[in-house]
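Undergrad: how would this look folded up:
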Amino acid sequence: MSKKLPGGEMTSRILDFIWIADCSGSMDGEKIQTLNYAIRQTIPDMRKEADDNPNASLMVRAVKFSDGASWHVATATPIDQFNWTDLTAGGVTSLGMALDLVAAELNSFPTDTKRLPPVLVLLTDGQPTDDYKKGIDSLLNTPWGKKAVRIAIAIGKDTDLDVLGQFTGNSELVLEAKNPQLLIKFIKWASTVVKTVSSPRAAADGGSDAGVDVNTIPAAGDDDDIW
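TA: So this is what the prediction gives:
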């Protein structure tokens, strides 16, 4: 695919965006409802960003994890065709299995230059019940997993922030959503990272936080409504 630009033609590069969503039992109720609502709300904005950006073809998919892990949206789907089916909650927190699943998929990507670093957004409210370290190692041992922009959103006050820091490799990209309003804000912010990641400068820089401006992260505020 190519797009006409002033001064010539540029080949569009693939940008893979993967939601990694916790749907364990502790997410039941308001947390999973807010997660579903927020991701649905991001879709129009992501479509607009894709339309405005000639440098990238945005492809979206999603993993869910509780008792094990599986693809919620298995096929890499162009954002203009992407729709969200609501998750339901129940079971434990098999984060390691979810990261193994993502690692296996990233490991199948060709190592040519037609891809931008993928964006991985982890959403979880608890503590892993399986070997999460193995999953993180599997992810970081793949070329694309190591290059990926990795963002984690901690939902509520019981999340193990150290685990999320190991996933992101950058504590500033561990966002603490202590209430529904913050979860919606952080999910929306994470979805907009595709704009900076796909910029020519960010693509040239590479790395796990290329193009991410942490100064744009919404402020936590002083809201007393805490999960």
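Undergrad: Give me the below-cutoff pLDDT ranges for the chain.
TA: 1-11, 112-113, 199-211, 221-225 (pLDDT under 70).
Undergrad: can you pull out the strands in it?
TA: 2-5, 8-11, 13-22, 56-66, 68-78, 119-124, 149-155, 174-177 (DSSP state E).
Undergrad: Can you name every helix or strand that the fifth one contacts?
TA: Based on contacts counted as 3 or more CB pairs under 8 Å, 6 or more residues apart in numbering; DSSP states H and E, the elements that strand 68-78 packs against are strand 13-22, strand 56-66, helix 95-107. For every residue, glycine as well, the C-beta is placed using N, CA and C.
Undergrad: Mean neighbour count and distance to R40 for these - can I get that in JSON lines?
TA: Shown next, in JSON lines, are the helices and strands packed on strand 68-78 (neighbours: other CB atoms under 10 Å; distance: least, CB to CB, whole Å):
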{"stretch": "strand 13-22", "mean neighbour count": "23", "distance to R40": "12"}
{"stretch": "strand 56-66", "mean neighbour count": "23", "distance to R40": "12"}
{"stretch": "helix 95-107", "mean neighbour count": "22", "distance to R40": "21"}
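Undergrad: Spatially central, which residue of this structure would that be?
TA: V121 (1.8 Å; CA atoms, centre = their mean).
Undergrad: on that earlier part again, and the helices and strands packed on strand 68-78 as JSON lines, adding distance to K48?
TA: Formatted as JSON lines, these follow (distance: least, CB to CB, whole Å):
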{"stretch": "strand 13-22", "distance to K48": "14"}
{"stretch": "strand 56-66", "distance to K48": "11"}
{"stretch": "helix 95-107", "distance to K48": "26"}
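Undergrad: for the strands of the chain, which one sits closest to V92?
TA: strand 56-66 (6.3 Å; CB to CB).
Undergrad: what's the spacing between T34 and A104?
TA: Per CB to CB, to the nearest Å, T34 is found 29 Å from A104.
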